[in-house]
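*Asks:* could you look at this predicted model? Sequence included:
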Amino acid sequence: MKMIKFEDFPISMTSENIEILAEMMMAMSPSEEWRKISDIISYEERNLIRERVKEIQMAKEKKRWESLTLEEQENEKRKMETSIDEDTKTFRGNILQQERDSIELEKRNDENKQNI
């Protein structure tokens, strides 16, 4: 894999450089070079790189999807639908609301103790 070094900055954001930086960003364990670079690049440059990462990931997913048989594609669709369906049926609650409720309950218990 090609790399761009921190010492090479500033660089122009050509499509080749964006491609290299996107690959560096997507590495399983990002290099120390990427960490240094990510600290000095601008917001706009970071967005260019993220967009390229997104494009690469979508292309990989499309290639993976097309490599599946029709039966495997149907199974994938069913899994996604089941997952979405389960998520909509399972209420995980609002933690902040739970905290408010327990504070309110505590206040009521204190008031009840004082009234007795």
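*Replies:* Here it is on my side, so go on.

*Asks:* which strands and helices lie in contact with the helix ranked longest in the chain?
*Replies:* In the chain, with assignment by DSSP state H, the single longest helix is helix 43-67. Helices and strands touching helix 43-67, by 3 or more C-beta pairs under 8 Å, 6 or more residues apart in numbering; DSSP states H and E, are helix 15-26. All C-beta atoms are positioned from the backbone trio N, CA, C, and that covers glycine.

*Asks:* so the helix or strand following the longest helix of the chain versus helix 43-67, what angle?
*Replies:* Note on helix 43-67: by DSSP states H and E, the next helix or strand toward the C-terminus is helix 70-89. Computed with axes from the mean of the first three to the mean of the last three C-alpha atoms, to 10 degrees, the direction of helix 70-89 lies at 130 degrees from that of helix 43-67.

*Asks:* CA atoms only: put helix 70-89 into CSV for me.
*Replies:* Extracted C-alpha coordinates of helix 70-89, given in CSV (Å, rounded to 0.1, in the frame of the first residue of the first chain):
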residue,chain,number,x,y,z
LEU,A,70,-30.0,-15.2,-5.9
GLU,A,71,-30.7,-17.5,-2.9
GLU,A,72,-28.0,-15.9,-0.8
GLN,A,73,-29.3,-12.4,-1.8
GLU,A,74,-32.7,-13.4,-0.6
ASN,A,75,-31.3,-14.7,2.7
GLU,A,76,-29.4,-11.4,3.2
LYS,A,77,-32.6,-9.4,2.5
ARG,A,78,-34.6,-11.6,5.0
LYS,A,79,-31.9,-11.1,7.6
MET,A,80,-31.9,-7.3,7.2
GLU,A,81,-35.7,-7.2,7.3
THR,A,82,-35.8,-9.4,10.4
SER,A,83,-33.2,-7.2,12.1
ILE,A,84,-35.1,-4.0,11.2
ASP,A,85,-38.4,-5.6,12.4
GLU,A,86,-36.9,-6.7,15.7
ASP,A,87,-35.3,-3.2,16.3
THR,A,88,-38.7,-1.5,15.8
LYS,A,89,-40.4,-4.0,18.2
